[in-house]
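>>> Have a look at this prediction, sequence included:
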Amino acid sequence: MYVAVKGGEKAIANAHQYLASERRGNTDFPELSVAQIREQMRLAVDRVMTEGSLYDPDLAALALKQSRGDSIEAIFLLRAYRTTLPRFCNSIPLNTSKIAVTRRISAAFKDMPGGQMLGPTFDYTHRLLDFSLADTTETKTYPAPSAEDLQRAPDEELPRILDFLQNDGLVEGAGEPNASSVGDITREPLELPASRDIRLQKLTRADEGFILAMGYSTQRGFKNSGGHPFAGEIRTGDVAVEIIPEELGFPICIGNITVTESEIVSIYDGSEDTPPQFSRGYGITFGSGERKAISIALVDRALRCKELKEDIIAPAQDEEFVLMHSDNIEATGFVEHLKLPHHVDFQSELDILRRLRSNWEQSKARREAMEQSASTPDEVANNAPKGFA
């Protein structure tokens, strides 16, 4: 065993060197910089920040470089680093009504107050490979929108589409934010049943592919809530992060972050106490995470089934199934631990299997001997060992 341990240490050290070599790649080409990843692979950076629960584009880009582009490994690295950081205070709820919008659309209303803003989106591209991007010898310039197109006055609020429906009593209220009662899954273990604030935190940190699949399942009919969902509003832009220092007693802005927010509505049939109306689903991510934000909103609506007195008939409505299997770091730990040495466990299983095989072969031999000596099928059945008749 001592020899195996020493040999393993050497193998691991060599694996680390091999990994560093593979990460660097062919040295004939320039090394990829963190700044290049941050600026040109921004959607990957935004996903790592969102699921890593840390808004820092530079660190997320560094994690992607270190992980050779493996987003889940990068998320793991960012979460691990996050645990080393002190917490000085809690911010107050983001006021996403005051957002410097770069993209704002509604699939429910064509002419909405404030106007639609397509922003940078793949929605209207042809999904054909652009081979001109392979040519890096020529410096390309692209026209950017003017500052007037992207910015609003600091205190100017951008009206929410669903607020107009809420004023007419056609959609349920969003509720008032209460920062003091919000849980924190990074400091406290998840307990079920979970409140909506905890569920939304888990969904935001969850694996994008898993949440996308769960949201897609609700659209295919695996739910018991409403009809066709509609994107009431999707908005991306910069929003202020504010805190209230104890020595001041009033909020101050400590910086701006980019977020994507999505609100989904679908018809709710109502109950004895609630009239028929639109119900809401909500999702938010760091950066430009539109697909994830929409998926979160769909699953959030599905998980509100108990609150809205709907029967649970589908996986996306099962709180334990969704919340306990959605985290890619937890899932990776369980799945990839199978790669680690299980030599002793396997030998134990192997011994058990050999004993089972030996017992089975002995029983089979006795049955065959009885069958050969018996003159009738009834005698075979009467003489056979119990359980093998």
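Received the coordinates, thanks. Residues are numbered from 1 along each chain as shown.

>>> mind listing the strands for the stretch 201-350 of the chain?
In the stretch 201-350 of the chain, the segments counted as strands under DSSP state E, counting those that start in this stretch are 230-243, 252-268, 277-286.

>>> Same list (these) but as a markdown table, adding distance to Val299 and mean neighbour count.
To be clear about C-beta, it is placed using only N, CA and C from the backbone, and glycine gets the same treatment. Converted to a markdown table, those look like this (distance: least, CB to CB, whole Å; neighbours: other CB atoms under 10 Å):
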| stretch | distance to Val299 | mean neighbour count |
| --- | --- | --- |
| strand 230-243 | 15 | 20 |
| strand 252-268 | 10 | 19 |
| strand 277-286 | 8 | 23 |
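
>>> can you redo those strands as TSV with mean pLDDT?
Below are the strands of the stretch 201-350 of the chain laid out as TSV (pLDDT from 0 to 100):
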stretch	mean pLDDT
strand 230-243	94
strand 252-268	94
strand 277-286	94
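
>>> Nearest approach to Asp168 belongs to which of the ones you listed?
strand 277-286 (9.9 Å; CB to CB).

>>> Which secondary structure elements does the closest one sit against?
Where contact means 3 or more CB pairs under 8 Å, 6 or more residues apart in numbering; DSSP states H and E, strand 277-286 is packed against helix 42-52, helix 161-167, helix 196-205, strand 252-268, helix 290-303.

>>> ranking the ones you listed by burial, who's on top?
helix 290-303 (a mean of 26; mean count of other CB atoms under 10 Å).

>>> The strands of the stretch 201-350 of the chain: which one's closest to Ser71?
Nearest of these (CB to CB): strand 277-286, 13.7 Å.

>>> by how many degrees do the closest one and helix 42-52 diverge?
Interaxial angle, strand 277-286 versus helix 42-52 (axes from the mean of the first three to the mean of the last three CA atoms, to 10 degrees): 100 degrees.

>>> got the angle between strand 277-286 and helix 196-205?
Computed by the same axes, to 10 degrees, the angle separating strand 277-286 from helix 196-205 equals 50 degrees.

>>> circling back to that earlier point, for the strands of the stretch 201-350 of the chain, give me a markdown table that also has distance to Pro145.
Converted to a markdown table, those look like this (distance: least, CB to CB, whole Å):
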| stretch | distance to Pro145 |
| --- | --- |
| strand 230-243 | 12 |
| strand 252-268 | 15 |
| strand 277-286 | 22 |
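
>>> what about Asp28, how many neighbours?
For Asp28, the neighbour count with other CB atoms under 10 Å is 5.

>>> Centre of the chain to stretch 348-363, how far?
The chain centre lies 44 Å from the centre of stretch 348-363; the measure is CA atoms, centre = their mean, to the nearest Å.

>>> which parts of it are buried?
Under the neighbour-count criterion of 16 or more other CB atoms under 10 Å, stretch 348-363 has nothing buried.

>>> so how far is Leu118 from Thr125?
12 Å (CB to CB, to the nearest Å).
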